[in-house]
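Participant: whatever this is, show me its structure:
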Amino acid sequence: MRALVTWLLLLVSLASAAADESRLRIGAIDAVLTVPPDIARPPVALLIAGSGSTDHDGNGPQLKPATLKKLSEQLAARGIATLRYDKRGAGEWKREFGRPEDFRFKDFVGDATALIDYLRGSGRFSHVAVVGHSEGGLVAILAAQRVPVDRLVLLATAARKQGDLLKAQLAKQLPPDKFAPIGKAIDDIMAGQIVDPPPAGLAIAPALQPAITSAFTEDPIEPMRKITGPALIIAGGRDHQLARLDFLALTTADIAAKSLWLPDMNHVLVDVTDAADDVASYNESERPLDPDLIDAVAAFISQK
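Facilitator: Next up, the predicted model:
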């Protein structure tokens, strides 16, 4: 079995190496377009990264799972083009984006919308899918309210406001006395208040708190209920960042969506065996993505 997996990975590597990969500047956004060879008008997927200063490969300053790079390679090997891009703040904050304190979450949505328009207007692709990972799923949902999207794919995406999700995560990690001031500060920020100084453990500068408020308070459920096109929702049983209730809430919000629950998959879309393996996988860029996830996403995007 190990030899078979190695052989399949080699075939994917050879196929993705043959793909045409080019770096683009679309407005102020740096992106990478990957197009499979010998296909006149392939489908294309816009890949939207999760939270943090995440680049086009799905890597941040500390964690480097290369989630989007691996997804792009796998989809290219199956005849699907991809466009992936550096989020605002990846690497450095560009002057074209304005002042960091003036950022609002809708700017992420605007970036995704501009890239969808670019792909659709290029005339090179048969249809346009949007694939959002983690926070990128929320961006994808909101972008689909602004512009036509032929397929929507949500990978390890929360069904809660990000402020509420962060509180739930911290409540599990911290003793009650440490969590109490942080939880209150998050509530205050979500209510539009400035917390100055922020409590220990919540390093959000007062000048940036309005920007954080705009992210903390976006609710994915109502816009998800308005999705009318084909959607696919995938989540994993070893995701320590999200609960199964998020998966169930999203599938309930869009009862027509296809869904897939993968018991061994974690938040960076790889299979893990235990908590230590889960932590290690966040910096293992060569670890393959869950194969059932790849098959499901590729089949969904490719369908006519």
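Participant: could you measure from residue 31 over to residue 64?
Facilitator: Distance of residue 31 to residue 64, given as C-beta to C-beta, to the nearest Å: 19 Å. Backbone N, C-alpha and C define where each C-beta goes, glycine included.
Participant: ignore what I typed, I meant residue 172.
Facilitator: 25 Å.
Participant: compare the two and say which is more crowded by neighbours.
Facilitator: Neighbours of residue 172 and residue 64, each counted by other C-beta atoms under 10 Å, are more numerous for residue 64; the result is 16 against 9.
Participant: contacting residues for the more buried one?
Facilitator: Taking C-beta atoms under 8 Å, 6 or more residues apart in numbering, we find residue 64 in contact with 57, 282-283, 285.
Participant: from residue 218, how far off is it?
Facilitator: 27 Å.
Participant: how about residue 137?
Facilitator: Residue 137 is 11 Å from residue 218, by C-beta to C-beta.
Participant: try residue 138
Facilitator: 6 Å.
Participant: so residue 137 makes contact with residue 220?
Facilitator: Yes. Between residue 137 and residue 220 there is a contact under C-beta atoms under 8 Å: 7.4 Å.
Participant: shared neighbours of those two, anything?
Facilitator: Jointly contacting residue 137 and residue 220 under the rule C-beta under 8 Å, 6+ apart are 157-158.
Participant: of these two, which one has the most company?
Facilitator: residue 137 (29 against 24).
Participant: show me where the chain has its strands.
Facilitator: 20-26, 29-35, 44-48, 81-85, 128-133, 151-155, 231-236, 258-262 (DSSP state E).
Participant: distance to residue 121, mean pLDDT and mean neighbour count for those - can I get that in TSV?
Facilitator: Formatted as TSV, the strands of the chain follow (distance: least, C-beta to C-beta, whole Å; pLDDT from 0 to 100; neighbours: other C-beta atoms under 10 Å):
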stretch	distance to residue 121	mean pLDDT	mean neighbour count
strand 20-26	11	95	11
strand 29-35	14	97	20
strand 44-48	12	98	28
strand 81-85	13	98	26
strand 128-133	10	98	28
strand 151-155	18	98	27
strand 231-236	23	98	25
strand 258-262	28	98	17
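Participant: out of those strands, flag the one nearest residue 103.
Facilitator: Among these, strand 29-35 comes nearest to residue 103, with 14.2 Å by C-beta to C-beta.
Participant: report the inter-axis angle for that closest one versus strand 44-48.
Facilitator: On the basis of axes from the mean of the first three to the mean of the last three C-alpha atoms, to 10 degrees, strand 29-35 is oriented at 140 degrees to strand 44-48.
Participant: contacts for strand 29-35?
Facilitator: Contacts of strand 29-35 (C-beta under 8 Å, 6+ apart): 16, 19-25, 42, 56, 72-73, 76, 81-86, 111, 114-115, 124.
Participant: remind me which residues of the stretch 201-304 of the chain are low pLDDT?
Facilitator: Along the stretch 201-304 of the chain, the model assigns pLDDT under 70 to no residue.
Participant: just the helices in it please.
Facilitator: Along the stretch 201-304 of the chain, the stretches classed as helices by DSSP state H, counting those that start in this stretch are 209-216, 221-225, 244-253, 275-281, 291-302.
Participant: in a markdown table, list those helices along with mean neighbour count.
Facilitator: Listed next are these as a markdown table, based on neighbours: other C-beta atoms under 10 Å:
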| stretch | mean neighbour count |
| --- | --- |
| helix 209-216 | 19 |
| helix 221-225 | 16 |
| helix 244-253 | 18 |
| helix 275-281 | 14 |
| helix 291-302 | 18 |
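Participant: which one is residue 226 nearest to, not counting chain neighbours?
Facilitator: residue 145 (6.4 Å; C-beta to C-beta, 6 or more residues apart in numbering).
Participant: near the one you found, how many other residues are there?
Facilitator: Residue 145, neighbours per other C-beta under 10 Å, totals 14.
Participant: residues touching the residue most central in space within the chain, list them.
Facilitator: Residue closest to the mean C-alpha point of the chain, counted by C-alpha atoms, centre = their mean, is residue 133 at 2.1 Å. Residue 133 is in contact with 47-50, 58, 67-68, 71, 155-157, 269, counting by C-beta under 8 Å, 6+ apart.
Participant: go on, residue 108?
Facilitator: 87-88, 139.
Participant: swap in 7 Å and give it another go.
Facilitator: Counting by C-beta atoms under 7 Å, 6 or more residues apart in numbering, residue 108 makes contact with 88, 139.
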